[in-house]
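1. below is the sequence, then the predicted model.
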Amino acid sequence: MKTATKLGLIAAVLLLDACSIQPWVKPYERDRLADPIMSWDRDVISGAYVDHIYESREGSRGGTGAAGGGCGCN
Amino acid sequence: MNTMSKPYRITRLIVVATFLMARPGGGAVLPDDRADIFYSDYKGGGMDITGESVLVRKKFSENFSVEANYFIDKVSGASIDVLSQASVIKDERKQKNISLDYIHDKTQYNLSYTDSSERDYTSNTLHFGLSQDMFGDLTTISLGFTDSRDKVGENDGTAFAPKVEWLGHAESRSYQAGLSQIVTKSLITGVTLEVITDEGYLANPYRSIRYLDPTTPLGYSLASQVYPNTHTSTAVETRAKYFLPYRAAASLSYRYYSDTWGVHGNTIELGYTQPISNLWILEGRVRHYNQNHATFYSDLFPFAGSQNFEARDQDLAAQTNNTFGLKATYAFLPDGWKIFKRGTVTLDYSHIQFKYDDFRNIKYFNDTAAGGNYAPGTEPLYSFGANVYQVYISMFF
């Protein structure tokens, strides 16, 4: 059997095994993670607005899932 | 071209932010029904920009929800490099967005459309995204695609009946991928990758380059910027949030940015969230950003046309900025009222200090201590502080 085929089989077995991963944090253990203070971005408008401020002033853009529309060239 | 100061299109969506940042608790669940009223004020660098927005999100079943958002911002004043050309423009931008979310099993689909219009700039953006929970809902993978079509014009600055000359079009496509991972009972991490490609008219028509010109009293003259017609950028952000033992949260994120114009940027942000009883949530954040200048940027060119591409836009200059922010959220109506289950009011204040390493303040060319003129290229480096205020009320139903 060619090496590539062997590697493919091993990868397939690993992927199938990954499908049966048991969650190490059980659903009933996620109360802390579900607390609103753990949200990445609770307020949609505010998050988008702040990202827009930075994108309008900096050369960088993207990666934060940021926001807005228009040019803002003035 | 309203709002802040961007040489090229900003045409991605509000929904991308929430979509790529998967739910910390795991499991595909539509967000709460809510209605928001939002007001903001940005003051800094000679500009005063107010923003007003309303947002309504409503579930029509356990699987389907609609969100609509309207944002209007008004600018008065102008940034320093526009002021240097004696052009002060009042303008406003109106942005309408509608977003649909659909959940099937562990997959969430999102489709949204945004229309942004101002007198001299229009933008239409379509976004599609999906996210999939897997591995016992410990992992969420998100993918997104955004397509924007913009029309770019220049306002002649006439106060009451400004004329707009349309200069060209620009197209932008953004590809997003995100992964959110529950690591422990108290720690969640995430990584986001976004690649954006632009093509078309990408320059800012309100900015100019300057070049040495001994024949003028100032020693320099201004000329139009020349930008490349293409631009591709890559940004990667990693982040982590940790639930502290006494019910508080600390977060850390880092973003690396690189583009084909030679700009490399680093962003690092620290956040802390402290609830007080069930009534208050207090938050603080600090953010640091730095970048080098674009390859075709210069504060002062030796002569006009000395390079194929020439820019003197402060966004493309080498710069550093630091942010300090505070936010307080107060919960009211704990027992609900009519159709509303609860409400929150939020006050948010941020101070941002911008400092440029190779962008000079030519507005003050004749303000040397001795009362004479600065020689071109010796003017003070530009810096300014900006204050950002936000107030908003959110009603959940």
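-> Cool, the structure landed.
2. could I get the pLDDT score of B:V388?
-> What the model reports for B:V388 is a pLDDT of 97.
3. that one bridge partners, please.
-> Assessed by DSSP bridges, B:V388 has beta-bridge partners B:Y42, B:S350.
4. cool, and B:E118?
-> Following DSSP bridges, B:E118 is listed with bridge partners B:Y121.
5. tell me how many other residues crowd it.
-> Here the number of neighbours of B:E118 (other Cβ atoms under 10 Å in any protein chain shown) works out to 26. All C-beta spots, glycine's among them, are computed from the backbone N, C-alpha and C.
6. was I right about it contacting B:K90?
-> No - between B:E118 and B:K90 no contact is recorded; they are 11.1 Å apart, counting by Cβ atoms under 8 Å.
7. next SSE after the helix or strand bottoming out on mean pLDDT in chain A?
-> Confidence across the helices and strands of chain A bottoms out at helix A:3-19, with a mean of 70, counting by mean pLDDT, DSSP states H and E. Tracing the chain past helix A:3-19, the next element assigned as helix or strand by DSSP states H and E is helix A:31-34.
8. quick one: low-confidence residue ranges for the stretch 151-300 of chain B.
-> B:157-161 (pLDDT under 70).
9. kindly recompute the last result at 80.
-> Scanning the stretch 151-300 of chain B for pLDDT under 80 picks out the ranges B:155-162.
10. that one: helices as residue ranges?
-> With DSSP state H, counting those that start in this stretch as the definition, the stretch 151-300 of chain B shows no helices.
11. how about the strands in it?
-> With DSSP state E, counting those that start in this stretch as the definition, the stretch 151-300 of chain B shows strands at residue ranges B:164-182, B:187-200, B:208-212, B:220-224, B:230-244, B:248-259, B:264-276, B:280-291.
12. now stretch B:283-302 - C-alpha only, PDB.
-> This file holds the C-alpha atoms of stretch B:283-302, laid out as PDB (Å, rounded to 0.1, in the frame of the first residue of the first chain):
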ATOM      1  CA  GLU B 283     -16.500  47.300  32.200                       C
ATOM      2  CA  GLY B 284     -13.100  48.700  31.400                       C
ATOM      3  CA  ARG B 285     -10.800  48.300  28.500                       C
ATOM      4  CA  VAL B 286      -7.400  49.400  27.200                       C
ATOM      5  CA  ARG B 287      -6.300  49.000  23.600                       C
ATOM      6  CA  HIS B 288      -3.000  49.600  21.800                       C
ATOM      7  CA  TYR B 289      -2.500  49.800  18.100                       C
ATOM      8  CA  ASN B 290       0.500  50.500  15.900                       C
ATOM      9  CA  GLN B 291       1.300  50.400  12.200                       C
ATOM     10  CA  ASN B 292       4.100  51.300   9.800                       C
ATOM     11  CA  HIS B 293       3.400  53.400   6.700                       C
ATOM     12  CA  ALA B 294       2.300  52.200   3.300                       C
ATOM     13  CA  THR B 295       5.000  51.800   0.700                       C
ATOM     14  CA  PHE B 296       3.700  54.700  -1.400                       C
ATOM     15  CA  TYR B 297       3.100  57.000   1.500                       C
ATOM     16  CA  SER B 298       5.200  60.100   2.100                       C
ATOM     17  CA  ASP B 299       4.600  63.300   4.100                       C
ATOM     18  CA  LEU B 300       6.600  65.200   1.500                       C
ATOM     19  CA  PHE B 301       7.500  64.000  -2.000                       C
ATOM     20  CA  PRO B 302      10.600  65.500  -3.700                       C
END
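13. now do the contacts for B:G377.
-> Each residue near B:G377 by Cβ atoms under 8 Å, 6 or more residues apart in numbering or on different chains is listed here: B:299-300, B:360.
14. any chance of TSV for those, columns distance to chain A and neighbour count?
-> Formatted as TSV, the entries for these read as follows, by distance: Cβ to the nearest Cβ, whole Å; neighbours: other Cβ atoms under 10 Å in any protein chain shown:
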residue	distance to chain A	neighbour count
B:D299	15	22
B:L300	19	18
B:R360	17	22
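15. same list (the residues you listed) but as JSON lines, adding distance to A:I53.
-> Shown next, in JSON lines, are the contacts of B:G377 (distance: Cβ to Cβ, whole Å):
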{"residue": "B:D299", "distance to A:I53": "24"}
{"residue": "B:L300", "distance to A:I53": "28"}
{"residue": "B:R360", "distance to A:I53": "23"}
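16. doesn't B:D133 make contact with B:T139?
-> Yes - in this structure, B:T139 sits in contact with B:D133. The criterion is Cβ under 8 Å, and the distance is 7.3 Å.
17. more neighbours, those two?
-> B:D133 (21 against 18).
18. distance of the residue nearest to the more buried one when sequence neighbours are not counted from B:T122?
-> Setting aside the residues directly before and after it, B:D133 is nearest to B:K106 in space (Cβ to Cβ, 6 or more residues apart in numbering or on different chains), at 4.2 Å. As for B:K106, its distance to B:T122 is 38 Å (criterion: Cβ to Cβ, to the nearest Å).
19. same deal with B:N69?
-> B:N69 sits 18 Å away from B:T122, taking Cβ to Cβ as the criterion.
20. just to revisit the earlier point, turn the strands of the stretch 151-300 of chain B into CSV, including mean neighbour count.
-> Rendered in CSV, the data for the strands of the stretch 151-300 of chain B read as follows (neighbours: other Cβ atoms under 10 Å in any protein chain shown):
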stretch, mean neighbour count
strand B:164-182, 18
strand B:187-200, 20
strand B:208-212, 21
strand B:220-224, 17
strand B:230-244, 18
strand B:248-259, 18
strand B:264-276, 17
strand B:280-291, 17
